[in-house]
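> what's the 3D shape of this:
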Amino acid sequence: MKKIGIIVGSLRKESFNRSVAKYLASVIPQSYSVSFPDIGNLELYNQDLDNTPTAAWVKFRDEIKALDAVLFVTPEYNRSIPGVLKNALDVGSRPYGQSVWAAKPGGIISVSPGAIGGFGATHHLRQVLSYLNVYTMQQPEAYVGNIMEALDDSGQVVAEKTQTFLTEYMDSFIQWIGRF
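Sure, this is the predicted structure:
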């Protein structure tokens, strides 16, 4: 059974991104397992700790190592990725030469209440993932804008058009994973 980690770039309790991530997990074939690695409790990356990593770093790195693929669901903060997501990428990429991200297939979905749908975040994240040697699926791209129109009051993805798009994206991502 292949393991997919869905990393949510938002820490907010009622995050739109978490709502989308949960929907995506619900449409993954049963032959895959899904986890949601926690990035909110990672101490800020500090190279001085490479030889004595914190317990949170060790746990996170071990969890990512065990994954067969990684899907990032992220908001856009100031036309880039959230600091908490960048920190998780840094923690997992060190010490130099021991990156837990290398050679994993990956995907990106950006989610936003605005119309642009996190375009800047996606492209900054692609740049970082390229350096980390994550084989990021290029197509289809997934910018989910106006997300509040797709959710009900409890945060469930209910808009049929959005459900269809996300399901088709996940189908493509599963095919992408199958290439590795």
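> List the contacts of Ala142.
Neighbouring residues of Ala142 by C-beta atoms under 8 Å, 6 or more residues apart in numbering: 107-110, 122, 165-166, 169. Quick note: C-beta positions are derived from backbone N, CA and C, even for glycine.
> just the helices in the chain please.
16-26, 55-65, 83-93, 119-131, 160-178 (DSSP state H).
> Now do the buried residues in the longest one.
Neighbour-count burial for helix 160-178, with 16 or more other C-beta atoms under 10 Å as criterion, is recorded at 162-163, 165-166, 169-170, 173-174, 176-177.
> who does that helix touch, helix- and strand-wise?
Applying 3 or more C-beta pairs under 8 Å, 6 or more residues apart in numbering; DSSP states H and E, one finds that helix 160-178 contacts helix 16-26, strand 69-74, strand 105-111, strand 143-144.
> want to throw these into JSON lines with distance to Asp50?
Shown next, in JSON lines, are the helices and strands packed on helix 160-178 (distance: least, C-beta to C-beta, whole Å):
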{"stretch": "helix 16-26", "distance to Asp50": "30"}
{"stretch": "strand 69-74", "distance to Asp50": "22"}
{"stretch": "strand 105-111", "distance to Asp50": "24"}
{"stretch": "strand 143-144", "distance to Asp50": "35"}
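> I'd like to know which of the ones you listed lies nearest to Tyr135.
strand 105-111 (4.8 Å; C-beta to C-beta).
> so how many other residues sit close to Lys13?
Lys13 has 7 neighbouring residues, counting by other C-beta atoms under 10 Å.
> Next, find the distance separating Asp171 from Gly178.
Distance of Asp171 to Gly178, computed by C-beta to C-beta, to the nearest Å: 11 Å.
> With Arg79 instead?
Arg79 is 33 Å from Gly178, by C-beta to C-beta.
> what does Val20 give?
Applying C-beta to C-beta to Val20 and Gly178 gives a distance of 23 Å.
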